[in-house]
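Colleague: Generate coordinates for the sequence data below:
(one chain, ligands or ions: 4)
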Amino acid sequence: MKASQSFLATLKEAPSDAEVVSHKLMVRAGLIRKLSAGIYNYLPLGLKSIRKVENIIREEMNRAGAIELLMPMIQPAELWQETGRWEKMGPELLRIKDRHDRDFLIQPTSEEVVTDLARNEIKSYKQLPVNFYQIQTKFRDERRPRFGIMRGREFSMKDAYSFDRDAEGLKRSYQMMFDAYTRIFNRLGLKFRAVTADNGAIGGSGSQEFHVIADTGEDAIVYCPSSDYAANLEAAESLSLIAVRAAASQAMAKAPTPDQTNCADVAQFLKLPLEQTVKSLLLAADQADGSVKLFMVLVRGDHELNEIKASKIPGMAESRFASESEIKQACSAPAGYLGPVGVSAEVTVVADRTVANMADFVCGANEAGHHFIGVNWGRDLPEPLVMDLRNAVAGDPSPDGKGVVDICRGIEVGHVFQLGTRYSEAMGCTYLDQQGKAQPMVMGCYGIGVTRLLGAAIEQGNDERGIVWPISMAPFEVVICPMGYDKSEAVKAAADQLHDELIAAGVDVVLDDRGERPGAMFADWELIGVPFRVVIGDRGLVDAQVEFKGRTDAESQNIPLSEIKATVI
Ligand code: ATP
Ligand code: MG
Ligand code: MG
Ligand code: MG
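Modeller: Ligands and ions are numbered 1, 2, ... in the order given. Predicted structure coming up:
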């Protein structure tokens with residue numbers, strides 16, 4: 001391809017809202033452009049990388065026996081009412097109406113639709129197992145879209161759904177997906193780790209996440225360097241509980257007097273960023289035995305996701321989302337003032353799961369009069385999460401007894417999940433077994449964040465000059481930079497010939513025919529992150545030599561033009 005035909009759109013400056021390096025570089029390299037919060041145009045070069053990721057995913061999904069289809073982005077509310085998710089899901093679900101005033105939604109995921117398809121199309125055990133997948137646009141109205149396309153509102157996901165006859169079958173399908181994911185992330189050239197994502201309630205590893213290791217990741221991973229043990233923070237129960245306990249007792253010991261409204265102190269006592277604090281508190285509340293005094297966090301205002309840990313509230317059967325009035329009732333607090341909550345001697349935590357940018361909290365211990373009002377948790381804390389948790393957790397014995405644990409940060413790029421019969425039972429998705437008896441299909445679901453992967457790869461691969469792509473994801477594999485394309489016949493001829501030769505050999509090559517000065521030309525391609533650069537000039541051509549440089553090489557080297565093909569293949 002010629003550069004003049006590939007719409008280069010590099011920028012000197014990063015947008016002011018870009019917090020992480022991948023977001024900055026994706027905009028500067030001309031891969032994406034923001035349209036609205038969490039909604040992006042994928043420019044031609046960005047789309048090229050997306051397509052490369054999709055192709056690898058598609059190849060490995062097909063290899064694993066999954067079958068591609070495409071489900072609608074706009075889905076009728078009725079299906080989601082069948083499973084209760086229409087009501088249960090908070091404002092992350094984008095609900096819309098058609099001209100007849102009927103309710104629809106834009107898919108955040110597709111369990112309902114695929115289960116509906118399966119119940120209509122699959123009748124017999126002979127048709128099972130089957131695994132359907134799609135690569136399709138998703139929409140989640142994230143409270144805090146950020147990091148460019150890593151936490152977008154509109155994004156692309158590969159989602160697969162397996163249907164099996166029984167639990168044994170599901171285990172096999174799940175393992176096949178797990179193995180396919182491992183191949184995919186290896187082929188993409190990423191440093192990643194698979195972590196247990198639940199506490200094993202379903203039995204064994206019912207759910208695992210794949211995390212790309214990066215300091216800017218939003219999740220914390222507890223792992224044992226000398227064994228296979230790896231879990232996300234929620235799943236690493238005992239460990240994070242230790243951390244929270246340590247932080248909480250420290251906080252309690254230093255808690256200011258009850259009427260003191262000093263949020264900064266509270267936050268500092270806990271030494272955790274807000275989101276993680278709340279997550280950990282929820283977890284700790286789940287497991288509290290009544291002997292530990294913990295902070296509770298109450299959210300006022302915009303908080304559809306408030307969840308009362310119902311197991312801790314007498315008379316409530318299961319955890320669910322609570323309305324503001326229910327929370328107020330539970331707190332028996334006057335309007336505009338929530339807290340303290342003291343449900344028997346136990347700890348209750350009522351919290352929003354994603355509380356960034358929120359203010360005016362009430363928080364405190366589960367003790368009358370021991371609370372703060374008007375707390376603004378949105379404040380940035382000086383110390384990063386990993387360091388704090390590290391102090392509390394690193395060096396603890398690994399649950400598998402094979403060493404000690406450490407902690408790092410990750411970006412969740414994939415998630416495999418054994419659903420069981422939750423959806424098939426809710427929606428009557430059954431098949432006839434060998435005895436002619438109706439049985440619910442046993443399901444699994446498997447997601448990969450296609451667009452998030454680009455950001456994650458850049459978080460792992462970058463330097464002061466720009467992106468350092470794994471070759472599998474780079475928008476181009478090789479760039480040819482001619483010195484005087486429109487001035488020297490010899491240079492033009494050699495560049496064109498090499499370009500055609502590489503194309504014929506299946507190399508994704510771009511020829512810079514823009515006539516830019518060398519400095520500007522090199523800077524562009526380094527920013528874009530093309531793995532190999534070939535510079536062709538009159539002087540080298542005298543000896544049939546060109547300059548060759550890998551993106552991270554310190555120096556270029558002179559090599560014969562005739563060897564370029566073999567070098568880059
Ligand atoms: P997160 O914890 O980051 O919010 P999730 O657990 O809600 O992700 P899943 O429902 O497991 O996401 O969806 C499957 C995959 O889709 C995730 O592993 C992630 O890679 C990707 N994904 C989820 N939300 C987003 C988003 N807002 N922007 C981009 N990719 C996303
Ligand atoms: Mg999410
Ligand atoms: Mg997640
Ligand atoms: Mg997930």
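Colleague: so how far is residue 189 from the residue found closest to residue 9 once you drop the neighbours it is linked to in the chain?
Modeller: Leaving aside its sequence neighbours, residue 9 sits nearest to residue 30 (CB to CB, 6 or more residues apart in numbering; 3.2 Å). Every C-beta, even on glycine, is put in place using the N, C-alpha and C of the backbone. With the distance defined as CB to CB, to the nearest Å, residue 30 ends up 22 Å from residue 189.
Colleague: and the stretch 451-569 of the chain, which residues reach ligand 1?
Modeller: 451, 452 (CB under 6 Å from any ligand atom).
Colleague: For the residue nearest to residue 540 when sequence neighbours are not counted, which three-state class applies?
Modeller: Closest residue to residue 540 apart from its sequence neighbours, by CB to CB, 6+ apart: residue 546 at 5.4 Å. Following DSSP: H, G, I helix; E, B strand; the rest coil, we place residue 546 in the strand state.
Colleague: what pLDDT does residue 546 get?
Modeller: Per-residue pLDDT puts residue 546 at 98.
Colleague: so what's it bridging to?
Modeller: residue 559 (DSSP bridges).
Colleague: For the stretch 301-450 of the chain, give me the ranges with low pLDDT.
Modeller: Applying pLDDT under 70 to the stretch 301-450 of the chain flags the ranges 301-393.
Colleague: now do 90
Modeller: 301-401, 404-409 (pLDDT under 90).
Colleague: Mean pLDDT per helix and strand in the chain: which one sits at the bottom?
Modeller: Using mean pLDDT, DSSP states H and E, strand 350-351 stands out as the lowest-scoring helix or strand of the chain, at a mean of 31.
Colleague: my guess is residue 438 contacts residue 428, does it?
Modeller: No. Assessed by CB atoms under 8 Å, residue 438 is found out of contact with residue 428, at 9.0 Å.
Colleague: ok, the residue nearest to residue 9 - how many residues close by?
Modeller: By other CB atoms under 10 Å, 21 other residues sit near residue 30.
Colleague: Next up, phi/psi of it, please.
Modeller: phi 80, psi 30 (degrees, to the nearest 10).
Colleague: Would you mind measuring from it to residue 62?
Modeller: 32 Å.
Colleague: Give me the neighbour count for the residue lying closest to residue 159 once chain neighbours are set aside.
Modeller: In space, and not counting its chain neighbours, residue 159 is closest to residue 447: 5.0 Å by CB to CB, 6+ apart. By the measure other CB under 10 Å, the count of residues near residue 447 is 23.
Colleague: give me the beta-bridge partners of residue 447?
Modeller: For residue 447, the beta-bridge assignment (DSSP bridges) gives partners residue 159, residue 415.
Colleague: cool, residue 32 as well?
Modeller: residue 42.
Colleague: need the contact list for it.
Modeller: 26, 40, 41, 42, 43, 46, 148, 149 (CB atoms under 8 Å, 6 or more residues apart in numbering).
Colleague: Show the pLDDT at the last one.
Modeller: Pointing back at residue 149 there. On the pLDDT scale, residue 149 gets 97.
Colleague: The closest residue to ligand 1 within the stretch 51-200 of the chain: helix or strand, and which one exactly?
Modeller: Nearest residue of the stretch 51-200 of the chain to ligand 1: residue 155, at 3.6 Å (CB to the nearest ligand atom). Using DSSP states H and E, residue 155 falls within strand 154-164.
Colleague: could you dump that strand to PDB, C-alpha only?
Modeller: Listed next in PDB are the C-alpha coordinates belonging to strand 154-164 (Å, rounded to 0.1, in the frame of the first residue of the first chain):
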ATOM      1  CA  GLU A 154     -19.300   1.400  22.400                       C
ATOM      2  CA  PHE A 155     -16.700  -1.300  21.800                       C
ATOM      3  CA  SER A 156     -16.200  -4.500  19.900                       C
ATOM      4  CA  MET A 157     -16.400  -7.900  21.600                       C
ATOM      5  CA  LYS A 158     -16.000 -11.500  20.500                       C
ATOM      6  CA  ASP A 159     -18.700 -13.300  22.500                       C
ATOM      7  CA  ALA A 160     -19.200 -17.100  22.300                       C
ATOM      8  CA  TYR A 161     -21.800 -19.200  23.900                       C
ATOM      9  CA  SER A 162     -21.600 -23.000  24.300                       C
ATOM     10  CA  PHE A 163     -24.500 -25.400  24.700                       C
ATOM     11  CA  ASP A 164     -23.900 -28.800  26.100                       C
END
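Colleague: That one packs against which elements?
Modeller: helix 44-63, helix 111-121, strand 130-139, helix 167-187, strand 442-449, helix 450-460 (3 or more CB pairs under 8 Å, 6 or more residues apart in numbering; DSSP states H and E).
Colleague: That one: how far from the chain's middle?
Modeller: Between the centre of strand 154-164 and the centre of its chain there are 14 Å (CA atoms, centre = their mean, to the nearest Å).
Colleague: now the angle from it to helix 450-460?
Modeller: Counting by axes from the mean of the first three to the mean of the last three CA atoms, to 10 degrees, strand 154-164 lies at 110 degrees to helix 450-460.
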